[in-house]
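Q: Give me the fold of what follows.
(one chain, ligands or ions: 1)
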Amino acid sequence: MNTLLDKFKGVIDLSSREVALLSKIDPNRLPRHIAVIMDGNGRWAKQRNFPRVAGHKAGISAVRAVVETAARLSVPVLTLYAFSVENWKRPRSEVSMLMGLLKEYLRKELSTIMKNNIRFKAIGRLDELPTSVQRELQYAEDESRNNQGTQMTVALNYSGRLELVDSVNSLLRNGASYPIDEKDLESGLYTIGLPELDLLIRTSGEMRISNFLLWQIAYAEIHVTEVLWPDFRGVDLLEAVLDFQTRERRYGGIRAPSLQSTR
Ligand code: FPP
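A: Down below sits the predicted model:
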């Protein structure tokens, strides 16, 4: 019996494609940390002559599907890029709609988060977000703090460069002495304590990193799909995981290290 398949059966209606993918995925070589650049909401809406915000709204179904699939797979961490520091440049109406959507998601989905044993965490310069959003984030974090399953991390008002700046500043504030090393810098990152980022997924075909997890992507495998974010579903996450498992990871060496040494 395929144990991965068992985890999904009876919980999620599986298509034959999903069954095929699940039977190919090696449960012992899952990515420890998957990050997603959820791109293409605007294009999805444009293709349908809808306002851009309709694309963001439709993107919530994709978030739901991906979180649930990652939890079923027992992926330890899933990090979603929901709002960058640069996104404040968008029209005020779009920004406030995105903030509203986030609050709505947290209110409506907290029960699903709890049911799936998911731990919720937000990262980024959270103190610059509207107070009502901060309150909602804190509530979801507090409620799910003791859950032992997948950690769902949402990057909000996030910038990879500013994360590095924040880390260095916290070292200076705490009187770090010269010279600092990688471990010191890492200790101030928002992702401290999380497993190494193994897989970065970007939707909508763009080949950019967009200031996301700049430090953490050092050895991540990158999977770019043409699928626009609102159309992304569990099956697309399974495709990405299978693609990840076909890569030979050498970490700068000449052959892939054994599983033991990378985990
Ligand atoms: C990029 O598409 C997407 C965003 C800036 C926002 C993503 C947010 C959500 C899906 C909703 C909230 C998230 C959570 C975790 C509840 P784009 O607008 O840049 O698309 P385009 O490149 O086609 O214009």
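Q: Endpoint to endpoint, stretch 191-206 covers what distance?
A: End-to-end span of stretch 191-206 (CA to CA, to the nearest Å): 25 Å.
Q: Name the surrounding residues that touch it.
A: Identification of contacts with stretch 191-206 by CB atoms under 8 Å, 6 or more residues apart in numbering yields 31-40, 43, 76-77, 79, 123, 151, 153, 186, 208-209, 212-213, 216-217, 219-229, 232, 237, 240-241, 244. Any C-beta I mention is one placed from the backbone N, CA and C, and that applies to glycine too.
Q: Who are the contact partners of Arg125?
A: Contacts of Arg125 were listed using CB under 8 Å, 6+ apart, and they are 85, 157-159, 162, 166.
Q: could you redo the last one with a cut-off of 10 Å?
A: Shown in contact with Arg125 (CB atoms under 10 Å, 6 or more residues apart in numbering): 85, 156-159, 162-163, 166, 190.
Q: repeat for Asp184
A: 167-168, 171, 174, 176-177.
Q: Could you say which of these is surrounded by the most neighbours?
A: Neighbour count (other CB atoms under 10 Å) singles out Ser167 as the most crowded of these, with 20 neighbours.
Q: which residues does it contact?
A: The neighbourhood of Ser167, defined by CB under 10 Å, 6+ apart, consists of 180, 184-190, 192, 215.
Q: Quick check: chain neighbours aside, which residue is closest to the residue of the chain found nearest the ligand?
A: The ligand sits closest to Gly42 of the chain, with a gap of 2.4 Å, by CB to the nearest ligand atom. Excluding the flanking residues, the one nearest Gly42 by CB to CB, 6 or more residues apart in numbering is Arg52, at 4.7 Å.
Q: give the contact list for the one you found.
A: Taking CB under 10 Å, 6+ apart, we find Arg52 in contact with 41-46, 90-91, 93-94, 97.
Q: Give me the subset of those residues lying in strands.
A: Among these, DSSP state E puts none in strands.
Q: Now render those as CSV, adding distance to Arg72.
A: Formatted as CSV, the contacts of Arg52 follow (distance: CB to CB, whole Å):
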residue, distance to Arg72
Asn41, 25
Gly42, 30
Arg43, 29
Trp44, 25
Ala45, 29
Lys46, 32
Arg90, 33
Pro91, 37
Ser93, 36
Glu94, 32
Met97, 30
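Q: all helices of the stretch 151-263 of the chain, in order?
A: Counting by DSSP state H, counting those that start in this stretch, the segments of the stretch 151-263 of the chain that form helices are 160-173, 182-187, 234-246, 259-262.
Q: Using JSON lines, lay out those together with mean pLDDT and distance to Tyr139.
A: Below are the helices of the stretch 151-263 of the chain laid out as JSON lines (pLDDT from 0 to 100; distance: least, CB to CB, whole Å):
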{"stretch": "helix 160-173", "mean pLDDT": "98", "distance to Tyr139": "24"}
{"stretch": "helix 182-187", "mean pLDDT": "97", "distance to Tyr139": "27"}
{"stretch": "helix 234-246", "mean pLDDT": "97", "distance to Tyr139": "27"}
{"stretch": "helix 259-262", "mean pLDDT": "47", "distance to Tyr139": "36"}
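Q: and the most centrally placed residue in the chain, helix, strand or coil?
A: The residue lying closest to the centre of the chain (CA atoms, centre = their mean) is Thr79, at 2.0 Å. Classification of Thr79 by DSSP: H, G, I helix; E, B strand; the rest coil places it in strand.
Q: ok, so what distance separates it from Trp215?
A: Counting by CB to CB, to the nearest Å, the gap between Thr79 and Trp215 amounts to 13 Å.
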